[in-house]
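[1] here is a sequence together with a model predicted from it:
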Amino acid sequence: MGIRDRLVPILTNRLYTFLFFTAIGVIPRLIAWVLLPLDWNSDSYHHWQIAYLTLKIGLKQGRMWDLNGSEYYWGMVPHLVQAFLLWLLHTASIAPYRALNVLLGGMNAYLVYLIGRDNIYWEVGLYASLLFALYPVAVVFDAIAMQETLALFLALLSLYLFRTRPFWSGVFLALASQSRIEFWLVSIIFILGVVLVERASTKIAPFVVGWLLVTSVFCWFFIIRTGNALYPLYWSLYNIFGGWTKTRGGKPFLQQMLSWIVEKLRAWPTKPTGIILLGSMAAFLGVFVHMTWKKWKRYHIYLFFMASLVVFGPLFVPYLAQILKYLLLMLRMSIPLAAFGYIILIYLLFRTKLPLVAVRLKRLHIEKLLVFATLLSYAYFIPAYGRFQVYPQMAFEAADRAMEYYHGGTVVCDYPTMNYRFVSRWHIKAKALLGNHYSPAYYGITDPVEYARWFKDHNITLWISVDQQAYPVWSVVNREFPNLLIYKDEIYGITFYVVNQTALDRILTG
C-alpha cells in the first residue's frame, strides 16, 4: 500500500486532514519547547511587557503601554492577543502565548497544505506542508513568544482565502500587517501586483476594501495616539535606514532613505550576499513585469512569495556572512519565505524535466531527500539556539538578586526580561514598575530638582542600571546628588541602587 492509499482516508475527511497536518506541525514544536524550556529571545519578554502593561494600565486609558516607549513600534495585534490570554487565564506567565504559537505553528503547516492542494495538487501541498512543519527555524521560533507565528498565520489565511473570500482575505492581510510590520510592505507590493494583473477588475474590489477598512482603523488610532498614521511602519523604516546612527540621525526621512539606498548599491556588488540580493531583485522585477503582463495562473502565490522575498530577504541575507549569533536571530525572517516558497519549490520539482533524458525530477524523489536533510539539520539548530538560554537565566538571576534589596515601593528597570521575573516570580504589581523612559530626561528637562521630584512622586526605592537608557538619569543624579543613590550590588554588568530617602527629603525641602 503506497502513501496515496494510506492517506486517502485522512485527506478525504476535513477534520482528519486538519488534525493530521496540525499535528505534524505541533509535535516538533512541542519537542523544541521541551529541549529549549526557557524562552531565550529577549524580544519575547519585551512583547510580554507591552501586553501585560497594556492589560493592567494601558487599556483603562484607551492605549497601549510600555516602560521603554515601544508600545506602538511593533505590531499591535499580537500584543492585544497576548493581553487577552493573560486576562482570560488570570496569569502573568509567558507560557500561554508560547502555547498559542505552538498551535498556530501547526495550523500554519495545515494552511500550507491547503494552499498547495487547492491551487496546484494535493501532493504538492503534502510535501510543502511537511517541509515547512519541520523547518527548524520555524519550529524553534514557533515555540517562543514572538510575533512571527501569528503574523504568518494571518498572512497564510489571507492567501488561502484570496480566491474564494476576497473581502476576508483583505481583512486578514491587514491584520497580518499589524502583527509583523514587514507584512505591511508586503501587502502594499501584493496589492499593487494584484491591481496590475486584474486590470482593476471588480473581482478584486472586496479584497482591497477589506484591507483598506482594517488598515484605516489602525491608522486612525495611530494618528490619535502618536500623530503619525503610519507610526510603526515609519519608525521601522527609520531604524533600517540608520536614523539612530550618527551619520544619518536628524536628517529628513527621504534623505535617510536615499542615503541608505546609495550606500547599499555601492556595497552590495562587492559582497556575495549583496550580489544575491541584487540578483534576486533584478529577477523579481523581470518576473513581476512578465506576470502582470501575461496574467499568470496562480499568480497570487508567486506574487506573495516574491513580495515577501523583496521585503524579508534584505533583513537576513546580509547576516549570512556575519557573526553567527546575529544570523541565528535574523533567520526568523526566512520563515515566511519557507512557508510560501516550499509550495513553489515542490511544484517546480514535480513538473521540471531533466534535459536530454526527459525524466521528471519527481522520479528522483528529491522532495523526500529534502525532508531527510531537514531532519538532519536539527542536530545543528537545536544546540545552536540552546546556547541563547543563558541570557534569560542571567537576567532571572539578576532579578532575583535585585529583590534582596527591595522592600516595597517602585522599581525602575529598563530590562523587560528582568521585569518579567519581577512580576511572574516576585509578584511585583504593574504600577510598581517604571522605566527611565518616563524620567525628566526623556522630556528634555535639565533642572536637577525635577529628577529628585520624579523619584519622590513615584516612590522609587530601587533603581537598576542596565544599559545606556539609564545613563541620562545617572549622569544628573551622580553629578548633582551623589548621596541619593546608594550602591548595593552588581551582577553581569547590571547595577543595583537603593534610594536614600533621607537624602531625597533633604534635597526637596532644602
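    Sure thing, it's come through. Bear in mind the structure is a predicted one, so any value in this text is a computation, not a measurement. Numbering: from 1, shown residues only.

[2] in stretch 388-403, which residues are buried?
    Neighbour counts over stretch 388-403 (16 or more other Cβ atoms under 10 Å) mark 388, 392, 394-396, 398-399, 401-403 as buried. (Glycine included, C-beta is placed from N, CA and C.)

[3] can I see the domain layout of the protein?
    Segmentation of the chain into domains, based on automatic domain parsing, reads 3-35+72-351, 390-509.

[4] format those as CSV; extra columns: mean pLDDT and distance to Lys60.
    Below are those laid out as CSV (pLDDT from 0 to 100; distance: least, Cβ to Cβ, whole Å):
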stretch, mean pLDDT, distance to Lys60
domain 3-35+72-351, 92, 12
domain 390-509, 96, 11
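
[5] distance to Glu367 added to those, as CSV?
    What follows is the domains of the chain, written out as CSV (distance: least, Cβ to Cβ, whole Å):
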stretch, distance to Glu367
domain 3-35+72-351, 4
domain 390-509, 37
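
[6] wait, which of the buried residues of stretch 388-403 is closest to His79?
    Nearest to His79 among these, counting by Cβ to Cβ, is Pro392 at 19.7 Å.

[7] all helices of the stretch 251-400 of the chain, in order?
    Along the stretch 251-400 of the chain, the stretches classed as helices by DSSP state H, counting those that start in this stretch are 253-267, 272-294, 299-316, 324-330, 335-351, 366-386, 390-402.

[8] now these in a markdown table, with distance to Val498?
    Listed next are the helices of the stretch 251-400 of the chain as a markdown table, based on distance: least, Cβ to Cβ, whole Å:
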| stretch | distance to Val498 |
| --- | --- |
| helix 253-267 | 42 |
| helix 272-294 | 49 |
| helix 299-316 | 42 |
| helix 324-330 | 34 |
| helix 335-351 | 44 |
| helix 366-386 | 36 |
| helix 390-402 | 10 |
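
[9] right, and these - which one's nearest Arg98?
    When the helices of the stretch 251-400 of the chain are ranked by distance to Arg98, counting by Cβ to Cβ, first place goes to helix 390-402 at 12.8 Å.

[10] who does the next helix or strand after that closest one touch, helix- and strand-wise?
    Where DSSP states H and E defines the elements, the next helix or strand beyond helix 390-402 is strand 410-412. When contacts are defined as 3 or more Cβ pairs under 8 Å, 6 or more residues apart in numbering; DSSP states H and E, strand 410-412 sits against strand 433-434, strand 460-465.

[11] tell me which of those sits most buried.
    Most buried of the helices and strands packed on strand 410-412, by mean neighbour count (mean count of other Cβ atoms under 10 Å): strand 460-465, with a mean of 22.

[12] same for that one, what does it pack against?
    Secondary elements touching strand 460-465 (3+ Cβ pairs under 8 Å, 6+ apart): strand 410-412, helix 471-480, strand 494-499.

[13] let's go with 6 Å and repeat that
    Judged by 3 or more Cβ pairs under 6 Å, 6 or more residues apart in numbering; DSSP states H and E, the packing partners of strand 460-465 are strand 410-412, strand 494-499.

[14] TSV please, covering the ones you listed and showing distance to Met76.
    Converted to TSV, the helices and strands packed on strand 460-465 look like this (distance: least, Cβ to Cβ, whole Å):
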stretch	distance to Met76
strand 410-412	26
strand 494-499	30
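
[15] between these, which gets nearest to Val112?
    Nearest to Val112, of those and by Cβ to Cβ, is strand 494-499 at 42.4 Å.

[16] quick revisit: closest to Leu361 out of the domains of the chain?
    Among the domains of the chain, domain 3-35+72-351 comes nearest to Leu361, with 4.9 Å by Cβ to Cβ.

[17] contact partners for Leu348?
    By Cβ atoms under 6 Å, 6 or more residues apart in numbering, no residues touch Leu348.

[18] that one and Ala395, how far apart?
    45 Å (Cβ to Cβ, to the nearest Å).

[19] so Leu67: helix, strand or coil?
    coil (DSSP: H, G, I helix; E, B strand; the rest coil).

[20] that one: neighbour count?
    A total of 24 residues lie near Leu67 under the criterion other Cβ atoms under 10 Å.

[21] relative to Pro472, how far out is it?
    Applying Cβ to Cβ to Leu67 and Pro472 gives a distance of 15 Å.

[22] picking up where we left off before, okay if I get the helices and strands packed on strand 460-465 as CSV plus mean neighbour count?
    Shown next, in CSV, are the helices and strands packed on strand 460-465 (neighbours: other Cβ atoms under 10 Å):
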stretch, mean neighbour count
strand 410-412, 24
strand 494-499, 21
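
[23] out of those strands, flag the one nearest Ile3.
    strand 494-499 (54.7 Å).

[24] which secondary structure elements does the closest one contact?
    Checking 3+ Cβ pairs under 6 Å, 6+ apart, strand 494-499 ends up next to strand 460-465, strand 485-491.

[25] do that again at 10 Å, thanks
    Strand 494-499 is packed against helix 390-402, strand 410-412, helix 448-457, strand 460-465, helix 471-480, strand 485-491, with contacts defined by 3 or more Cβ pairs under 10 Å, 6 or more residues apart in numbering; DSSP states H and E.

[26] can you redo the ones you listed as TSV with distance to Tyr380?
    What follows is the helices and strands packed on strand 494-499, written out as TSV (distance: least, Cβ to Cβ, whole Å):
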stretch	distance to Tyr380
helix 390-402	18
strand 410-412	40
helix 448-457	49
strand 460-465	36
helix 471-480	39
strand 485-491	32
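
[27] now for those, which one comes closest to Val139?
    Taking these one by one with Cβ to Cβ, helix 390-402 is closest: 19.2 Å.

[28] can you list the residues that contact that closest one?
    38-42, 44-45, 406, 411, 413, 415-426, 428, 462, 464, 466, 488-496 (Cβ atoms under 10 Å, 6 or more residues apart in numbering).

[29] quick one: it to strand 494-499, angle?
    20 degrees (axes from the mean of the first three to the mean of the last three Cα atoms, to 10 degrees).

[30] alpha carbons of helix 390-402, as CSV, please.
    Coordinates of each C-alpha in helix 390-402 appear next as CSV, following Å, rounded to 0.1, in the frame of the first residue of the first chain:
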residue,chain,number,x,y,z
VAL,A,390,22.0,31.5,29.2
TYR,A,391,20.7,35.1,28.6
PRO,A,392,17.3,34.8,30.3
GLN,A,393,19.0,32.7,33.0
MET,A,394,21.4,35.5,33.7
ALA,A,395,18.5,38.1,33.7
PHE,A,396,16.4,36.0,36.0
GLU,A,397,19.4,35.6,38.4
ALA,A,398,19.9,39.4,38.3
ALA,A,399,16.2,40.0,39.1
ASP,A,400,16.4,37.6,42.0
ARG,A,401,19.4,39.3,43.3
ALA,A,402,17.7,42.7,43.0
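
[31] circling back to that earlier point, okay if I get the helices and strands packed on strand 410-412 as TSV plus distance to Val34?
    Below are the helices and strands packed on strand 410-412 laid out as TSV (distance: least, Cβ to Cβ, whole Å):
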stretch	distance to Val34
strand 433-434	31
strand 460-465	32
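
[32] figure out which of those is closest to Trp33.
    The nearest among the helices and strands packed on strand 410-412, by Cβ to Cβ, is strand 433-434 at 27.3 Å.

[33] mind listing the strands that closest one pairs with, and their directions?
    Sheet partners assigned to strand 433-434 using DSSP bridges are listed as strand 410-412 (parallel).

[34] other SSEs contacting the next helix or strand after the strand it pairs with?
    Moving toward the C-terminus from strand 410-412, the next helix or strand (DSSP H and E) is helix 416-424. The elements that helix 416-424 packs onto, with contact taken as 3+ Cβ pairs under 10 Å, 6+ apart, are helix 42-53, helix 390-402, strand 410-412, strand 433-434, strand 460-465.
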